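Student: Fold the following and give me the result.
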Amino acid sequence: MKFFHSIRWRMQLWHGLLLALVLAGFGFTAWRLQWATQLQHLDQELEQRIAVIASTMRLSAPKGPGPLARKGIPPPPRDGIPPPRRDGIPPPRRTELSPDGNTAAQPSPRELALSARDSNLFAGDSDGAFYYAVWSRNGSELFRSAALPPDEARPERVAGARGSRLHGPLRESFHYTPGGECILVGRNIRGELTEIWRFAWLLAGAGAAVFVVGLAGGWWVSARALRPIGDISAAAANISAGDLTQRIHTADTDSELGQLAQVLNDAFARLQSAFDRQVQFTADASHELRTPVSVVLTQTQTALSRERSAAEYRESLAACQRAAQRMRQLIESLLTLARLDSGEAATAGEPCDLERAANEAAELLRPLAEEKGINLELDLKPACCEGKVEQLTQVVSNLISNAICHNRPGGIVQVKVASEPGAVILSVQDTGLGIASEDLPHIFERFYRADKARSNAAGRAGLGLAITKAIVEAHNGTIEVFSVLGEGSTFTVRLPKLSRPLESSAAPK
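Tutor: Prediction:
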């Protein structure tokens with residue numbers, strides 16, 4: 001059936017089965033212990049009374065030869081039993097004749113001579129009173145109490161009995177004296193049996209109530225514990241339908257499912273952020289490509305609209321070339337970001353000297369600095385690290401070109417490379433306009449421009465710092481920026497230091 005496939009129902013079934021087994025085991029054990037305690041207490045009372053009867057029989061027995069025996073005269077017969085003969089042959093048992101001449105039955109046994117205090121041990125009504133009976137070795141009844149049940153008066157009912165027994169509603173104990181007499185003491189325990197069964201029903205009722213409450217509590221706990229699973233399923237269904245704003249709402253964040261919900265919410269947030277960045281990236285890339293494409297189309301349409309002079313054709317072709325170069329730069333930047341996003345740059349590189357990479361990048365951009373009237377100052381010291389030389393050179397080039405383009409005429413760009421324990425440091429500082437505090441958290445985002453008008457005029461797409469940050473993070477490094485509006489900015493890159501010395505053959509050419 002369908003509910004057998006439900007985790008909640010399977011948990012409830014296992015919980016109910018285990019709860020039933022535990023309650024049944026506990027109830028049966030409690031009932032057995034209560035019954036055993038009652039029987040033990042009753043057996044102690046029976047043993048106490050057996051001891052009283054046995055001691056009374058010993059006290060009533062003759063203590064030695066009487067006066068007749070001392071004179072050689074045998075004692076008179078007792079209870080119709082003649083004394084034994086001296087030749088060892090048992091005498092014939094004395095019988096009495098009835099008026100009709102037949103052999104009469106033995107006289108009824110006499111009562112046991114109990115003291116008044118001991119007689120109270122066997123006092124009470126017939127249902128709850130203790131009774132006793134004593135049989136001789138040959139099975140004849142010697143003593144009996146008035147409360148002895150009729151069936152217990154027959155010797156065959158007790159033949160071979162030992163210890164204690166439960167005979168119907170009767171609890172009885174047996175004791176054999178050294179002389180061979182059998183002592184029976186018992187009591188009707190119908191009241192105790194009724195009480196113990198009432199206790200069993202009480203345990204069953206309490207167990208049933210606990211079972212019902214346990215099932216209800218287990219159902220509530222399982223429903224509360226599995227509620228996040230339903231929320232997760234609903235949120236995942238909405239997200240798969242395209243609504244990335246959905247989140248899993250859970251109040252208990254400390255449980256395992258609450259922690260899972262929190263992890264999934266974080267994953268959904270990153271997914272939404274990545275999707276939003278992808279949408280924004282696509283829109284920005286389309287916008288950046290639209291301008292050079294529009295230039296190419298406009299120039300070609302203008303050139304083809306009518307006959308032009310050679311100079312006009314040359315001017316149109318030059319404009320198309322500039323637009324094509326801008327598209328090529330943008331496409332190369334996008335390909336670089338795509339490779340960095342795929343983890344291609346995370347592979348191990350070769351040992352390199354950041355000082356030489358920075359020096360080469362600075363000399364390459366020095367003509368641009370001179371063209372804009374920027375003074376490029378270098379403070380470079382040997383700094384060995386591990387990475388891809390061309391990518392680290394691109395990092396330095398991006399930072400220096402960014403400092404030149406956003407500097408003021410006659411400004412200064414300082415490039416420093418140093419080494420410290422465990423890391424190498426690259427610092428690029430300019431005396432430009434600086435970056436506003438609200439723009440600082442976004443300057444490494446793709447296509448972001450703090451000064452959009454100047455960036456567009458310079459033909460910059462806003463991908464340089466994004467590529468720089470991606471390359472630095474791929475080399476397990478960090479990049480930070482400190483800027484004061486109107487005074488300039490400082491970009492600082494930290495890369496892990498090379499653990500082994502740099503060989504001369506490994507230096508970049």
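
Student: quick one: low-confidence parts of the stretch 201-350 of the chain?
Tutor: 250-255, 281, 284, 287-288, 341-349 (pLDDT under 70).

Student: Mind listing residues that contact stretch 393-401?
Tutor: 357-358, 360-362, 364-365, 368, 376, 413, 415, 426, 428, 464-465, 467-468, 471-472, 491, 493, 508 (C-beta atoms under 8 Å, 6 or more residues apart in numbering). All C-beta atoms are positioned from the backbone trio N, CA, C, and that covers glycine.

Student: Show me those that map onto strands.
Tutor: 376, 413, 415, 426, 428, 491, 493 (DSSP state E).

Student: Narrow the contacts of stretch 393-401 to just the buried residues.
Tutor: 357-358, 360-362, 365, 376, 413, 415, 426, 428, 464-465, 467-468, 471-472, 491, 493 (16 or more other C-beta atoms under 10 Å).

Student: Strands of the stretch 101-250 of the chain, residue ranges please.
Tutor: For the stretch 101-250 of the chain, strands defined by DSSP state E, counting those that start in this stretch occupy the ranges 130-135, 141-144, 164-167, 170-176, 182-188.

Student: what lines up beside the fourth one in the sheet?
Tutor: This means strand 170-176. Partner strands for strand 170-176, per DSSP bridges, with pairing direction: strand 164-167 (antiparallel), strand 182-188 (antiparallel).

Student: what is the orientation angle of the helix or strand containing residue 43 with strand 170-176?
Tutor: If you go by DSSP states H and E, residue 43 is part of helix 7-60. For helix 7-60 against strand 170-176, the angle by axes from the mean of the first three to the mean of the last three C-alpha atoms, to 10 degrees is 50 degrees.

Student: to the chain's geometric centre, what's the distance from helix 7-60?
Tutor: 39 Å (C-alpha atoms, centre = their mean, to the nearest Å).

Student: pLDDT of that helix, averaged?
Tutor: Per-residue pLDDT over helix 7-60 has a mean of 88.

Student: Packing partners of it?
Tutor: Helices and strands touching helix 7-60, by 3 or more C-beta pairs under 8 Å, 6 or more residues apart in numbering; DSSP states H and E, are strand 130-135, strand 164-167, strand 170-176, strand 182-188, helix 190-240.

Student: Can you tell me which of the ones you listed is nearest to residue 34?
Tutor: helix 190-240 (5.8 Å; C-beta to C-beta).

Student: helices or strands next to that closest one in the packing?
Tutor: Against helix 190-240 (3+ C-beta pairs under 8 Å, 6+ apart) you get helix 7-60, helix 256-305.

Student: Output these in a markdown table, with mean neighbour count and distance to residue 382 appended to each entry.
Tutor: Output for those, formatted as a markdown table (neighbours: other C-beta atoms under 10 Å; distance: least, C-beta to C-beta, whole Å):
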| stretch | mean neighbour count | distance to residue 382 |
| --- | --- | --- |
| helix 7-60 | 14 | 63 |
| helix 256-305 | 14 | 38 |
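
Student: got these as JSON lines, with distance to residue 395 columns?
Tutor: Formatted as JSON lines, these follow (distance: least, C-beta to C-beta, whole Å):
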{"stretch": "helix 7-60", "distance to residue 395": "52"}
{"stretch": "helix 256-305", "distance to residue 395": "21"}
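
Student: List of residues touching stretch 265-280?
Tutor: For stretch 265-280, contacts defined as C-beta under 8 Å, 6+ apart pick out 235, 239, 244, 245, 246, 247, 248, 445, 446, 447.

Student: same thing but 6 Å
Tutor: 244, 247, 248 (C-beta atoms under 6 Å, 6 or more residues apart in numbering).

Student: I'd like to know which of these are buried.
Tutor: Buried among the contacts of stretch 265-280 (16+ other C-beta under 10 Å): 244, 247, 248.

Student: about what we covered before: what's the closest of the strands of the stretch 101-250 of the chain to residue 303?
Tutor: strand 164-167 (121.9 Å).

Student: How far off centre is that closest one?
Tutor: 54 Å.

Student: Please point out which parts of it sit buried.
Tutor: So strand 164-167, judged by 16+ other C-beta under 10 Å, has buried residues residue 164.

Student: what's the average pLDDT for that strand?
Tutor: So the average pLDDT for strand 164-167 ends up being 83.

Student: Residue 486: how many residues sit nearby?
Tutor: Residues lying near residue 486 (other C-beta atoms under 10 Å) number 10.

Student: And for the one 4 residues further on?
Tutor: Residue neighbour count, defined by other C-beta under 10 Å, stands at 16 for residue 490.

Student: Nearest residue to it in space, ignoring adjacent ones along the chain?
Tutor: Leaving aside its chain neighbours, residue 490 sits nearest to residue 429 (4.3 Å; criterion: C-beta to C-beta, 6 or more residues apart in numbering).

Student: May I ask you to confirm that that neighbour is in contact with residue 414?
Tutor: Yes: using C-beta atoms under 6 Å, residue 429 is in contact with residue 414, at 4.5 Å.

Student: Look up how far residue 248 lies from residue 266.
Tutor: 11 Å (C-beta to C-beta, to the nearest Å).

Student: do the same with residue 321
Tutor: From residue 321 to residue 248 the distance is 54 Å (C-beta to C-beta).

Student: Turn the strands paired with strand 170-176 into a markdown table, including distance to residue 147.
Tutor: Formatted as a markdown table, these follow (distance: least, C-beta to C-beta, whole Å):
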| stretch | distance to residue 147 |
| --- | --- |
| strand 164-167 | 15 |
| strand 182-188 | 9 |
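
Student: so which of the ones you listed gets nearest residue 199?
Tutor: strand 164-167 (17.1 Å).

Student: and residue 246, how many neighbours?
Tutor: Residue 246, neighbours per other C-beta under 10 Å, totals 19.

Student: Please name the residues that touch it.
Tutor: 235, 238, 239.

Student: likewise residue 422?
Tutor: Contacts of residue 422 by C-beta under 6 Å, 6+ apart are residue 497.

Student: and the gap between it and residue 476?
Tutor: Counting by C-beta to C-beta, the gap from residue 422 to residue 476 is 12 Å.

Student: Show me which of the ones in strands among the contacts of stretch 393-401 is closest to residue 435.
Tutor: Using C-beta to C-beta, those come closest to residue 435 at residue 491, 10.4 Å.

Student: wait, doesn't that closest one sit right on residue 481?
Tutor: Yes: using C-beta under 6 Å, residue 491 makes contact with residue 481 at a distance of 5.3 Å.

Student: and residue 106, what pLDDT?
Tutor: For residue 106, the model assigns a pLDDT of 42.

Student: Tell me the spacing between the closest residue to residue 112 other than its chain neighbours and residue 268.
Tutor: Excluding the flanking residues, the one nearest residue 112 by C-beta to C-beta, 6+ apart is residue 143, at 4.2 Å. For residue 143, the distance to residue 268 (C-beta to C-beta) stands at 94 Å.

Student: Residue 337 now?
Tutor: Residue 337 is 24 Å from residue 268, by C-beta to C-beta.

Student: Please consider this matter closed, and thank you.
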